[in-house]
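Colleague: the following comprises the amino acid sequence and a computationally predicted model.
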Amino acid sequence: MRRTRKVHIAVKIFVFAFAVYAAFTLVSLQLQIREKEKQLEELQARIDQQRIENRQIEDILEDPDDTQYIAEIAREKLGYIAPGERVFVDISSK
């Protein structure tokens with residue numbers, strides 16, 4: 001009788017420990033799934049942004065004689081200005 005009682009208590013402890021372990025594992029997996037879904041959304045947004053940029057570049061490449069684009073690059077990247085144009089620099093933010 002005593003032996004069966006000890007076995008019965010041991011089984012209950014084992015089942016309880018397994019249930020705690022399973023619950024912990026499920027919660028941990030759920031948190032990992034949420035994190036991966038968040039990463040997927042961020043990557044999808046980056047992909048969408050890159051596709052937009054790629055389309056813009058493709059449009060530019062289709063018309064290599066686009067003087068407006070060339071002027072924009074000269075202003076933004078190289079710091080050039082058109083003849084007679086005035087440039088004002090805001091030094092208050094520096």
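Modeller: Nice, I can see it. Numbers count the residues shown, from 1 in each chain.
Colleague: in which helix or strand does the closest residue to Val87 other than its chain neighbours reside?
Modeller: Leaving aside its chain neighbours, Val87 sits nearest to Ile81 (5.4 Å; criterion: Cβ to Cβ, 6 or more residues apart in numbering). Placement of C-beta: from N, CA and C, glycine included. Using DSSP states H and E, Ile81 sits within no helix or strand.
Colleague: just give me the neighbour total for Ile81.
Modeller: 12 (other Cβ atoms under 10 Å).
Colleague: now swap in Arg5 and tell me
Modeller: Once other Cβ under 10 Å is used to define contacts, Arg5 is seen to have 9 neighbours.
Colleague: can you check Ile91 too?
Modeller: Ile91: 6 neighbours (other Cβ under 10 Å).
Colleague: for Arg75, same thing?
Modeller: So Arg75, with other Cβ under 10 Å, has 14 neighbours.
Colleague: ok, it to Val87 distance?
Modeller: 9 Å (Cβ to Cβ, to the nearest Å).
Colleague: now the common contact residues for these two.
Modeller: Residues touching both Arg75 and Val87 by Cβ atoms under 8 Å, 6 or more residues apart in numbering: Ile81.
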